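need a structure here:
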Amino acid sequence: MEKMEEEISRMRLMHPTTPEYAVVRNYIDWFLSMPYGVYSDTVLNLKKVKADLDAKHFGLDKVKDRILEYIAVLKLTGTERRAPILCLVGPPGVGKTTLVESIAASMQRNFVRITLGGVRDEAEIRGHRRTYIGAMPGRFIQALRRAKCMNPVLLLDEIDKMAADFRGDPASALLEVLDPEQNHDFTDHFMEVGLDLSRVLFIATANSEAEIPDALRDRLEVVRLPGYYAHEKKQIASKFLIPKICERCGVVLDKDISIPDLLIEKIIKEWTREAGVRELERSLESIVRHRAKEIVMGKKVKKDLTEKQLQEYLGVPRFTENRLPAPGHHGVITGLAWTSVGGEILTLECKLLSGKGHLMLTGKLGDVMKESAQIALSLVRERLQRFGVDPAIVKKTDIHIHVPEGAVPKDGPSAGIAMTLALLSAFTRRPVAPDIAFTGEVSLTGDLLPIGGLNEKALAAQEAGVKTLYLPEGNKKDVAELPAPAKKGLKIHPKKHIDEIIKELFPKPKK
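Okay, here's the model as predicted:
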């Protein structure tokens with residue numbers, strides 16, 4: 001109020017035609033439009049919030065539990081001070097943004113979205129100083145003005161897509177906003193007075209946790225959303241997507257069209273391959289649009305969709321080939337990789353050629369994978385004598401390790417086990433079944449080191465037809481968190497040392 005009265009006193013002394021008058025008038029307009037002291041009543045009915053979230057989103061139990069915990073604490077304490085800064089991390093299309101909208105709706109709070117993708121200018125966060133022509137407050141002041149209250153649910157979309165250049169580092173400017181210890185007095189360069197952001201419920205979204213700057217990630221409570229399993233996609237399609245698409249296209253469900261569960265499974269397996277459900281939604285919408293066209297043209301068609309019609313509407317299946325390598329080849333191992341858009345099957349191929357002991361690596365591998373290959377070779381050289389192979393042969397052999405899809409860059413600390421076994425398989429000329437997959441790093445002493453992204457990797461393995469999965473014992477806690485269908489479809493073997501895996505897959509031949 002003091003600042004406001006000071007500015008009004010200044011404006012009274014100015015002539016309306018002076019440029020400074022317009023600047024001060026604009027500043028006062030912003031001041032008057034801010035919702036000081038306005039707080040929306042939050043609905044703290046846990047059962048209602050849970051029912052609303054379950055009605056709009058299938059699965060995502062961890063995220064829902066975390067939201068319910070927040071509301072429970074809010075109800076017990078009766079204060080909104082120091083609201084947590086949640087960050088939903090997951091592949092595209094798993095429902096991060098829509099989930100935040102549902103949270104706001106179920107709590108009956110105003111919802112505002114700030115898109116941070118491509119933001120480079122620090123002034124976007126902190127605002128411009130009033131000395132500049134066309135100065136404006138930062139996005140948080142603008143968001144509160146749009147929300148018309150001081151405690152909205154504020155979505156920071158794509159927080160991992162921010163960039164830094166000569167205009168400053170917006171991620172560093174966010175540190176004060178997202179620190180519960182500091183944001184009760186956030187100072188915008190334009191407003192020049194402290195603003196209380198402590199009662200705003202901030203929820204950020206990101207595709208990759210690694211892309212979020214370390215200092216910023218320290219202030220966020222990360223909640224991971226893995227990709228959907230096939231059974232979850234089927235439920236989402238039948239309960240949410242198909243009714244929504246039919247309503248959007250003007251087609252009456254169960255009268256004009258009906259898609260059996262078997263055909264939904266077929267669409268998921270043969271036309272879409274993704275962690276989220278965006279491609280699935282596009283495919284289903286294509287089917288409904290075709291049916292809408294037939295109805296308008298007066299064609300007589302039965303409501304139940306047939307397999308023949310599915311082929312006509314969507315064309316040739318995009319994913320019919322088996323993604324696993326052919327059996328019987330020694331030196332070929334099935335690995336698993338994590339990407340920001342979900343898990344991937346990674347085939348490692350190893351070929352031995354007569355030469356001088358050179359190690360060749362192809363497939364656009366990063367530095368971490370190159371070092372994994374060096375460690376794998378040292379481990380195999382140490383163990384060759386156990387299998388009746390002279391270790392000196394390594395000096396006369398050129399080793400070529402290749403990971404197919406050479407145009408795609410590959411890196412990460414989870415290929416060590418697969419590389420070790422690929423080399424051992426090549427030297428001992430014993431093939432490993434392609435439906436056995438491996439993920440995890442290995443140290444020079446042979447200890448297996450835990451990895452991340454197990455949920456996404458298990459999903460990719462299951463979709464590709466993998467039956468058995470070997471991983472480090474340090475990932476036992478992640479195995480416990482896998483959904484029941486993943487554990488049922490995969491035999492998972494946690495191991496502590498590389499020799500335990502070698503003993504099972506490469507038993508010593510009988511004398």
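
what segments of the stretch 351-500 of the chain are strands?
All strands of the stretch 351-500 of the chain, identified by DSSP state E, counting those that start in this stretch, fall at 359-362, 397-402, 436-438, 441-442, 448-449, 468-472, 491-495.

same deal with the stretch 201-350 of the chain?
201-206, 221-224, 332-339, 342-354.

residue 443 is nearest to which of these?
Closest to residue 443 of the strands of the stretch 201-350 of the chain, according to CB to CB: strand 332-339, at 17.7 Å. To be clear about C-beta, it is placed using only N, CA and C from the backbone, and glycine gets the same treatment.

does residue 423 touch residue 400 like I think?
No: counting by CB atoms under 8 Å, residue 423 stays clear of residue 400, with 10.9 Å between them.

include mean pLDDT and distance to residue 92 when you put the strands of the stretch 201-350 of the chain into JSON lines, please.
Shown next, in JSON lines, are those (pLDDT from 0 to 100; distance: least, CB to CB, whole Å):
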{"stretch": "strand 201-206", "mean pLDDT": "89", "distance to residue 92": "10"}
{"stretch": "strand 221-224", "mean pLDDT": "86", "distance to residue 92": "14"}
{"stretch": "strand 332-339", "mean pLDDT": "87", "distance to residue 92": "11"}
{"stretch": "strand 342-354", "mean pLDDT": "87", "distance to residue 92": "9"}
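
those strands: which one's closest to residue 148?
Using CB to CB, the nearest of the strands of the stretch 201-350 of the chain to residue 148 is strand 201-206, at 15.7 Å.

just want the most central residue of the chain.
Of all residues in the chain, the one closest to the mean position by CA atoms, centre = their mean is residue 90, 1.8 Å from it.

what's near enough to touch that residue?
If you count contacts by CB atoms under 8 Å, 6 or more residues apart in numbering, residue 90 has them with 96, 207, 224, 225, 226, 227, 275.

just the CA coordinates for the top helix by length along the chain, please, in CSV.
Criterion DSSP state H: the longest helix present in the chain is helix 278-296. Extracted in CSV, the C-alpha atoms of helix 278-296 (Å, rounded to 0.1, in the frame of the first residue of the first chain):
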residue,chain,number,x,y,z
ARG,A,278,-1.2,-40.4,-28.3
GLU,A,279,-0.6,-42.6,-31.4
LEU,A,280,-3.3,-45.0,-30.1
GLU,A,281,-5.7,-42.1,-29.9
ARG,A,282,-4.9,-41.0,-33.5
SER,A,283,-5.4,-44.6,-34.8
LEU,A,284,-8.8,-44.9,-33.0
GLU,A,285,-9.8,-41.4,-34.3
SER,A,286,-8.9,-42.5,-37.9
ILE,A,287,-11.2,-45.6,-37.5
VAL,A,288,-14.1,-43.5,-36.2
ARG,A,289,-13.7,-40.9,-38.9
HIS,A,290,-13.9,-43.6,-41.6
ARG,A,291,-17.1,-44.9,-40.0
ALA,A,292,-18.5,-41.3,-39.9
LYS,A,293,-17.8,-41.0,-43.6
GLU,A,294,-19.5,-44.3,-44.4
ILE,A,295,-22.6,-43.2,-42.4
VAL,A,296,-22.9,-39.8,-44.2
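
what's the domain layout of the chain?
Following automatic domain parsing, one finds the domains of the chain at 2-33, 46-224, 230-313, 332-505.

surely residue 163 touches residue 120?
Yes: Residue 163 lies in contact with residue 120 (CB under 8 Å); the separation is 4.9 Å.

common neighbours of those two, please.
By CB under 8 Å, 6+ apart, residue 163 and residue 120 have these common neighbours: residue 170.

so what does the least confident helix or strand in the chain by mean pLDDT touch, helix or strand wise?
Lowest mean confidence among the helices and strands of the chain (mean pLDDT, DSSP states H and E): helix 484-489, at a mean of 75. Judged by 3 or more CB pairs under 8 Å, 6 or more residues apart in numbering; DSSP states H and E, helix 484-489 is in contact with helix 454-464.

contacts for the helix it packs on next, please.
With contacts defined as CB under 8 Å, 6+ apart, helix 454-464 is touched by 91, 224, 226-230, 269, 273, 275, 322-324, 336-338, 342-345, 437, 439, 469, 471, 475, 478-479, 481-482, 485-486, 489-490, 492.

among those residues, which ones are buried?
Those of the contacts of helix 454-464 that meet the buried threshold are 91, 224, 226-229, 273, 275, 323-324, 336-338, 342-345, 437, 439, 469, 471, 475, 478-479, 482, 486, 489-490, 492, by 16 or more other CB atoms under 10 Å.

okay, buried residues for stretch 401-420 please.
Buried residues in stretch 401-420 (16+ other CB under 10 Å): 401-403, 410, 412-420.

so which residues of the stretch 51-200 of the chain form strands?
86-89, 111-115, 153-157, 186-187, 194-195.

which strands or helices does the fourth one pack on?
Spelled out, it's strand 186-187. The contact analysis (3+ CB pairs under 8 Å, 6+ apart) places strand 186-187 against helix 170-177, strand 194-195.

could you check how far residue 329 is from residue 397?
18 Å (CB to CB, to the nearest Å).

since that was my last question, I'll sign off now.
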